[in-house]
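Q: From the sequence below, what's the structure:
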Amino acid sequence: MFFILNKEYYLILTYVPESSYQLTDLNFNLNEDHNRELLRKLNYRLQKVFQGGGEKSTAKHKAKGKLTARERIGLLLDDKNDFIEIGALAAEGMYEEYGGCPSAGVVTGIGRVSGRLCMLVANDATVKAGAWFPMTAKKNLRAQEISIENHLPIIYLVDSAGVFLPMQDEIFPDKEHFGRIFRNNAVMSSMGIVQIAAIMGPCVAGGAYLPIMSDEALIVDGTGSVFLAGPYLVKSAIGEDVDIETLGGASTHSEISGVTDYKMPDDKTCLEKIRSIISKIGDKPVAGFNREKPVLPQFTPKEIMGILPSKRTDQYDMWDIINRLIDADSADEYKADYGKTIITTYARIDGWAVGIVANQRQVVTNAKKEMQFGGVIYSDSADKAARFILNCNQKRIPLVFLQDVTGFMVGSQSEHGGIIKDGAKMVNAVANSVVPKFTFIIGNSYGAGNYAMCGKAYDPRLIFAWPSAQIAVMGGAQAAKTLLQIQVSSLKKKGEEIDPQAEEKLLNEITNRYNKQTSPYYGAARLWVDGIIDPLDTRQIISTGIEAANLNPELRPFNPGVIQT
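A: Down below sits the predicted model:
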């Protein structure tokens, strides 16, 4: 979830007098009502997630003198509203047999600490005592990935009982499991990325390596503890009777073992010390992405809610969205009259120079006066987008992808025209792009269109969905009919007949199941996207994302490899 960075700024931003829409237009009002309802549902789900393990678990946690994960983050930040949360909806609807795991039991995100952008990772001990589920590991790895890509200092607030043992086989030994986090600790250290860890609760077994492999470790007296094996396991293994504080408490590790660097009396003092440590970090060279003085969009961004159609089959002009995200009069459209189902344009967002690649949802005609359906990638569009992406890499301009794509055009005419070759050219350019990429799924994100428009597999620095998004191999109606045909054919081979009424019932069951899987919440739960956001937050997320990317000057040389022409 993204919290508004500057409330005064947004009060100004939402009052832009110029408008290209009549607010009395019926379709506009219907769209606005629909999208605001989607946003209301999003906020309701987020509020439930923000409660962590619930009131009873939170009260028990606070009774130990500890702050919650979100309270700790709030005290670390210069402004608690200045926070881009990553994976707030992770694990939603998963692990229900174990009582659920809100936000995967860990809070992660980008915010300013002592004036410096940092990645924050805080175990939520109100959720299963901060135990690690499979999605907990995936979310931690995503936070480290963002830190590595942008050279962001990372702060770990550790308060965890360790691996959730009933699912140990899904979290322990594989490449993207628990151990990868400690490997990343070592790699990040070699890269000069600052890592600060605060032990604010238990830190057990393999998890003990995370804070101690960080550059500096703090421990809170009375609540923090760190050891490879707890008292019960020590008793079982070697027969020694020992209490937690003697085995691995703050005094032990600050005065005897020397494992920790700072002994803190309570959570607040610990967080103040972290802010002080971060404030003394020296500056490093930056990437040098171009920025000028920010200018507000030409049209008020709040109109996006009325522009975005309530029905997926309805058309709209993607420029109406773009002109509410970019700085006024900053667009320089590239190949405006060619490949019209993709918009490619240079522009500025909050002063930063960007290259925008966006699917055009209107039905348009090409140079041959042939009709082209909106949201579909044709050969000419793919060719144009690939060339534009190459140009942005040549000029060191970050890329922004706005997805509302149903896939590549199919059929004999497209195949004869080389759609596979042109599609491969675009995918190649996206895959080998070295400038920062930021992806927003506005509407549809289907099939290879997801790949070509920089889906999660193509390493966007940040990827978010709007509440109106859908992510799938194909649209629900087409997929359900295809799956129905397969099931009916299978039944017929077994000698079973299915009447029209039963067939319709089966179609409805398949459609409902498939649509559930295309929901943005399904994708957010599995971290296919970093979160679902209010569309009005898009502009500032891009700005903060580029600011973070600018902290890493080490872009690798751009080499697109072999591209067929």
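
Q: Am I right that residue 372 is in contact with residue 378?
A: Yes. With contact defined as Cβ atoms under 8 Å, residue 372 and residue 378 form a contacting pair (5.6 Å). (Glycine included, C-beta is placed from N, CA and C.)

Q: Neighbour count for these two, which is higher?
A: Under the criterion of other Cβ atoms under 10 Å, the comparison of residue 372 against residue 378 puts residue 378 first, with 24 against 20.

Q: Can you name the residues that contact the more buried one?
A: The contact partners of residue 378, taken as Cβ atoms under 8 Å, 6 or more residues apart in numbering, are 339, 341, 366, 372, 408, 409, 414, 419.

Q: May I ask which of those has the most neighbours?
A: residue 339 (28 neighbours).

Q: Show me where the stretch 351-500 of the chain has its helices.
A: Using DSSP state H, counting those that start in this stretch, the helices of the stretch 351-500 of the chain run over 379-395, 412-416, 419-432, 447-452, 476-493, 500-518.

Q: do you know which of those lies nearest residue 89?
A: Of all these, it is helix 500-518 that lies closest to residue 89, at 14.6 Å by Cβ to Cβ.

Q: what does the helix or strand following that closest one contact?
A: Downstream of helix 500-518, the next assigned helix or strand under DSSP states H and E is helix 520-525. Residues outside helix 520-525 that contact it (Cβ under 8 Å, 6+ apart): 45, 87-94, 135, 441, 465-471, 516, 529, 531-532.

Q: Check the contacts of residue 378 for the minimum pLDDT and say which it is.
A: Lowest pLDDT within the contacts of residue 378 is found at residue 366 (79).

Q: intersection of neighbour lists for residue 372 and residue 378?
A: Contacts common to residue 372 and residue 378, judged by Cβ under 8 Å, 6+ apart, are 341, 366, 409.

Q: Relative to residue 315, how far out is the last one?
A: Residue 409 sits 17 Å away from residue 315, taking Cβ to Cβ, to the nearest Å as the criterion.

Q: Over to the first one?
A: Taking Cβ to Cβ as the criterion, residue 341 is separated from residue 315 by 12 Å.

Q: shared neighbours, those two?
A: residue 374.

Q: so what does the helix ranked longest in the chain touch, helix or strand wise?
A: Determined from DSSP state H, the single longest helix within the chain is helix 26-50. With contacts taken as 3 or more Cβ pairs under 8 Å, 6 or more residues apart in numbering; DSSP states H and E, helix 26-50 sits against helix 304-307.

Q: buried sites along the longest helix of the chain?
A: If you call a residue buried by 16 or more other Cβ atoms under 10 Å, then helix 26-50 has these buried ones: 28, 31, 32, 34, 35, 38, 39, 42, 45, 46, 49.

Q: Tell me who's in contact with the fourth one.
A: Pointing back at residue 34 there. residue 310.

Q: ditto for the second one
A: The neighbourhood of residue 31, defined by Cβ under 8 Å, 6+ apart, consists of 305, 306, 307, 308, 309, 310.

Q: swap the cut-off to 6 Å and go again
A: With contacts defined as Cβ atoms under 6 Å, 6 or more residues apart in numbering, the neighbours of residue 31 are 306, 309, 310.

Q: Check the first one and give its pLDDT.
A: So that's residue 306. So residue 306 comes in at 96 (pLDDT).

Q: Count the residues that sit near it.
A: 22.

Q: So it versus residue 101, what's the distance?
A: From residue 306 to residue 101 the distance is 37 Å (Cβ to Cβ).

Q: quick revisit: now the contacts of residue 31 in CSV, please, with extra columns for distance to residue 486.
A: What follows is those, written out as CSV (distance: Cβ to Cβ, whole Å):
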residue, distance to residue 486
306, 40
309, 31
310, 31
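
Q: Find the least confident helix or strand in this structure, judged by mean pLDDT.
A: helix 7-13 (a mean of 34; mean pLDDT, DSSP states H and E).

Q: low-confidence ranges in this protein?
A: Scanning the chain for pLDDT under 70 picks out 1-24, 206, 474-481, 483, 564-565.

Q: Torsion angles phi and psi at residue 561?
A: Here the main-chain torsion angles of residue 561 (degrees, to the nearest 10) amount to phi 70, psi -150.

Q: coming back round to it: just the contacts of residue 31 now: which is nearest residue 233?
A: Nearest to residue 233 among the contacts of residue 31 is residue 310, at 56.9 Å by Cβ to Cβ.

Q: Let me see the backbone angles for residue 317.
A: phi -90, psi 120.

Q: is it true that it touches residue 362?
A: Yes. Here residue 317 reaches residue 362: they are 5.4 Å apart, a contact under Cβ atoms under 6 Å.

Q: Can you check my assumption that residue 218 lies in a helix?
A: No. The assignment for residue 218 (DSSP: H, G, I helix; E, B strand; the rest coil) gives strand, which keeps it out of a helix.
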